[in-house]
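Trainee: fold the following, please.
(2 chains)
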Amino acid sequence: MSDTIITVEHLSKSYILRHQNAERYTAMRDVITNKAKALINPKSQNNKPTSETFWALNDISFEIKQGDRVGIIGRNGAGKSTLLKVLSRIVTPTKGRITIDGRVASLLEVGTGFHPELTGRENVFLNGSILGMTKSEIQKKFDEIVAFAEVEKFLDTPVKRYSSGMYVRLAFAVAAHLEPEILIVDEVLAVGDAEFQKKCLGKMEDISGDGRTVLFVSHNMGAINTLCNNAILLNKGTIQAMGNTQKITAMYFNGTNSGEGEFIIGKNSSDEKVIVEKVTLKDRNGKIQNTFQFGDSITAEVELNALENFDNPYVWIAIRNDKGPITNASGLLDGYRTSRFSKGKNTIKCTFINAPLLPSQYTIYMGIRASDGVEALTDSKDVAVFSVNTVLSEVGMNKTIADTVAVDTVSPIIPYRWEFNDGKQYTFDIKNYIK
Amino acid sequence: MSKHRIVIEPGTENSNYWKDLWNYRGLFYFLAWRDILVRYKQTVIGVLWSVLKPLLTIFVMWFFGWLFHSEVPQGVSRVLLVCTATLPWQFFSSSFSEASGSLVANSNLLTKVYFPRLIVPASTVIVCLIDFFISFLILVVIMIFTQFVPDWRILWLPLFLLLALVTAMGTGLYIAALNVKYRDFRYIIPFIVQFGLYVSPIAFSSSAIYNNPSLPQFVKFIYSLNPMVGVIDGFRWCILGGSTTLYIPGFLMSIGITVMFLFVGIWYFRRMEKSFADVI
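Mentor: Numbering: from 1, shown residues only, chains lettered A, B, ... in the order given. Next comes the predicted model:
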């Protein structure tokens, strides 16, 4: 008996795109009038095509072994969510065949079926059963779920009175206590604060540690690198590459590379108000690079497309590795920000000065918030990848020890300089504050 | 390991459909439980609404029956005659409209989680069933006031309740599936319910139609096609007993139509089910 748990053979899924009557749903009125038109003038229908077939997934085949933790990555519209929906049996494929040996639970959204009028307690039971748990399973885990979500005091309050943080915590807590053989998770960690995200990732590592199979979609390459041992890179509905996670995530960035060190990003989700179009990494001489040396200054030049004018937005840019953030340059911490993003193209630059980074692979992770510091104007995401390839012994370190050091801090330990689109410049060096 | 083997292919019938439905019964209970809980949250008189609605309908129907001197069987008060029809009618109309709109109302579930979709309309009917049992108290109170004692035939009542349920489910499933694709049906549902109220024997008794010599035969035939005629006549036959009679050909016609609705409803629902998440 093989230990293959999911077999996908020649899977395709198509949707019909309607161009003319681009309404959200069909009204019978339209069907009748169209049929009537066709009766009167049969040729009029053929003149202009009103629909075209769009292949969201096109001839995909792969196998997943039991206990594998597979990250599914790709640009928006690459077919990640469609793949998860087909695997979860929510939509049926157009062609192909999938064989799954095990109980599947899918978490495509946090808090599916939560009812605002119901209390936290009632929603735990409802959501649990929607995700496929039995009543006794929920009862057994109830205390654990509540403790994980940290909402003990509000159990009998309707969730419509919850803060959004509490809501998300409770919803994730239920999902985190599922015990299926196969867990399918869509980008659900993008919500919640950083601390809770970390807790969720930890929980998911526990789950996969128990030998369960996890399929995980995310734009957060750090999370994919931490959690998954394999990855599948989708591109326009086909598999571009699959295999070792580190290799595939690097390809994910390089695939959109017009030159080494240039990253075309584009729209991430439909509610983004500022779109990160392109990120370019440069060294201190202005040369475009994606490989740096210990102590190099690293400049991230970010081209943004603002859909409207935004006054006093906050920008933060962090350097992360697969263990988490290393350092960040955050307007939310230092208070420095540009006076406005005007509608259209804006460019900002952030230079990490003389960055003493250890040899490893790093990502640039960034986000933009409105002047209130709360509303996200862009989805927080990894936008670029680079590596530092200095030999550790050259910078006076003992390689065997340095490799085991957990680099995990968000303090802005590296001095940095902002150069904004309005011509303003600020340099920040936390060492100036050491007395 | 292979005891949970699932094969996903386009176009093939899911051979485990009914077993799956059984496995998901927990979700069925929870959805029904949710609807019951949510129903009367933030209302002042709460459950009393399930009594008030039929009570007002009974009053209005009684008034029109009285105004037009509709025929009342011997030994039965008019209010009892109206009540025995209003309760099953309200059960049918609320189950039918709730089931029809249930898929669209739960579209967020349909696009995010897998389960046999039949659970959604089926669970809404449970809420209506509970409403029916609450409103049944009205009938009991009226029977006490009019000092009416039903005979053994009342034991047949669950059968006719089942007939009403099957009618509501059959038509509800069909309309629910259509409603996912063509939203026109949300306008048609209230119309069907309103129209049904007039063509069903609520303010009058069926014998007024069947025994009316001035009505041509085909009108009587069309009248008997309405499955609710069979249900209401059955309710009256069970509860009122005595002088009421069951018009057997009409009743068999109702059963036939109901069963047909159920099969067509389930068949169409299952045929459309796979594309719900794509089109909703």
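Trainee: going by C-alpha atoms from here, please, whenever you check contacts or count neighbours.
Mentor: Noted.
Trainee: moving C-terminal of whichever strand or helix holds residue A:276, what's the next helix or strand?
Mentor: Taking DSSP states H and E as the criterion, residue A:276 maps to strand A:274-282. Using DSSP H and E, the helix or strand that directly follows strand A:274-282 along the chain is strand A:291-292.
Trainee: neighbouring strands of the following helix or strand past that next one in the sheet, and parallel or not?
Mentor: Using DSSP H and E, the helix or strand that follows strand A:291-292 towards the C-terminus is strand A:298-306. Using DSSP bridges, strand A:298-306 pairs in its sheet with strand A:274-282 (antiparallel), strand A:344-352 (antiparallel).
Trainee: and the helices in chain B?
Mentor: B:17-23, B:25-39, B:49-67, B:78-105, B:107-110, B:119-145, B:157-181, B:185-199, B:207-210, B:217-225, B:227-240, B:248-273, B:276-279 (DSSP state H).
Trainee: need the contact partners of the last one.
Mentor: The contact list for helix B:276-279 (Cα atoms under 8 Å, 6 or more residues apart in numbering or on different chains) reads A:25, A:90-91, B:110-111, B:180-181.
Trainee: list the buried residues in it.
Mentor: Using 16 or more other Cα atoms under 10 Å in any protein chain shown as the test for burial, helix B:276-279 gives B:276-277.
Trainee: would you mind writing the CA trace of that helix as CSV?
Mentor: The C-alpha trace of helix B:276-279 is given here as CSV (Å, rounded to 0.1, in the frame of the first residue of the first chain):
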residue,chain,number,x,y,z
PHE,B,276,-24.2,26.0,-7.0
ALA,B,277,-20.8,27.3,-5.8
ASP,B,278,-19.9,28.4,-9.3
VAL,B,279,-23.1,30.4,-10.1
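Trainee: how about the residues of chain B near chain A?
Mentor: B:1-10, B:24, B:26-27, B:30-31, B:34, B:37-38, B:41, B:108-114, B:181-184, B:274-280 (Cα under 8 Å from any Cα of the partner chain).
Trainee: which among those end up buried?
Mentor: Here, 16+ other Cα under 10 Å leaves B:6-10, B:24, B:26-27, B:30-31, B:34, B:109-114, B:181-183, B:274-277, B:280 buried among those.
Trainee: one step back: which of the strands paired with strand A:298-306 sits most buried?
Mentor: strand A:274-282 (a mean of 24; mean count of other Cα atoms under 10 Å in any protein chain shown).
Trainee: deepest-packed of the helices of chain B, please.
Mentor: Most buried among the helices of chain B, counting by mean count of other Cα under 10 Å: helix B:227-240, with a mean of 26.
Trainee: so that one versus helix B:185-199, what angle?
Mentor: Relative orientation of helix B:227-240 with respect to helix B:185-199: 50 degrees, computed using axes from the mean of the first three to the mean of the last three Cα atoms, to 10 degrees.
Trainee: any low-confidence regions in the stretch 251-400 of chain A?
Mentor: Within the stretch 251-400 of chain A, the set of residues satisfying pLDDT under 70 comprises A:254-259, A:270, A:323, A:390-400.
Trainee: for stretch A:60-76, which positions count as buried?
Mentor: A:60-61, A:64, A:66-76.
Trainee: can I get that stretch as PDB, trimmed to CA atoms?
Mentor: The C-alpha trace of stretch A:60-76 is given here as PDB (Å, rounded to 0.1, in the frame of the first residue of the first chain):
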ATOM      1  CA  ILE A  60      -2.700  19.800 -13.400                       C
ATOM      2  CA  SER A  61      -1.300  16.500 -12.000                       C
ATOM      3  CA  PHE A  62       0.500  15.900  -8.800                       C
ATOM      4  CA  GLU A  63       0.700  13.500  -5.800                       C
ATOM      5  CA  ILE A  64       0.900  14.300  -2.100                       C
ATOM      6  CA  LYS A  65       2.300  11.800   0.300                       C
ATOM      7  CA  GLN A  66       0.900  11.300   3.800                       C
ATOM      8  CA  GLY A  67       2.400  13.700   6.300                       C
ATOM      9  CA  ASP A  68       3.500  16.100   3.600                       C
ATOM     10  CA  ARG A  69       3.100  19.800   4.300                       C
ATOM     11  CA  VAL A  70       2.700  21.400   0.900                       C
ATOM     12  CA  GLY A  71       2.700  25.100   0.300                       C
ATOM     13  CA  ILE A  72       0.800  26.300  -2.800                       C
ATOM     14  CA  ILE A  73       2.100  29.600  -4.100                       C
ATOM     15  CA  GLY A  74       1.500  31.800  -7.100                       C
ATOM     16  CA  ARG A  75       0.400  35.200  -8.200                       C
ATOM     17  CA  ASN A  76      -3.200  36.300  -7.900                       C
END
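Trainee: chain center to it: distance?
Mentor: 15 Å (Cα atoms, centre = their mean, to the nearest Å).
Trainee: what mean pLDDT does that stretch have?
Mentor: Averaged over stretch A:60-76, pLDDT sits at 88.
Trainee: what does it rub up against?
Mentor: Counting by Cα under 8 Å, 6+ apart, A:3-12, A:80, A:208, A:211-219, A:224, A:227-235, A:237-239, A:245, A:249, A:252, A:267-269 sit against stretch A:60-76.
Trainee: buried among these? Make that a ChimeraX selection.
Mentor: Only the buried entries of the contacts of stretch A:60-76 go into this ChimeraX selection, using 16+ other Cα under 10 Å:
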select /A:5,6,7,8,9,11,12,80,208,212,213,214,215,216,217,218,219,224,227,228,229,230,231,232,233,234,235,237,238,239,245,249,252,267,268
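Trainee: taking the contacts of stretch A:60-76 one by one, which sit in strands?
Mentor: Counting by DSSP state E, the part of these found in strands is A:4-12, A:213-217, A:230-235, A:238-239.
Trainee: chain B next: which of the residues you listed are close?
Mentor: Among the ones in strands among the contacts of stretch A:60-76, proximity to chain B is found for none (Cα under 8 Å from any Cα).
Trainee: quick one, what contacts residue A:169?
Mentor: Counted by Cα under 8 Å, 6+ apart, residue A:169 has contacts A:148-150, A:192, A:196.
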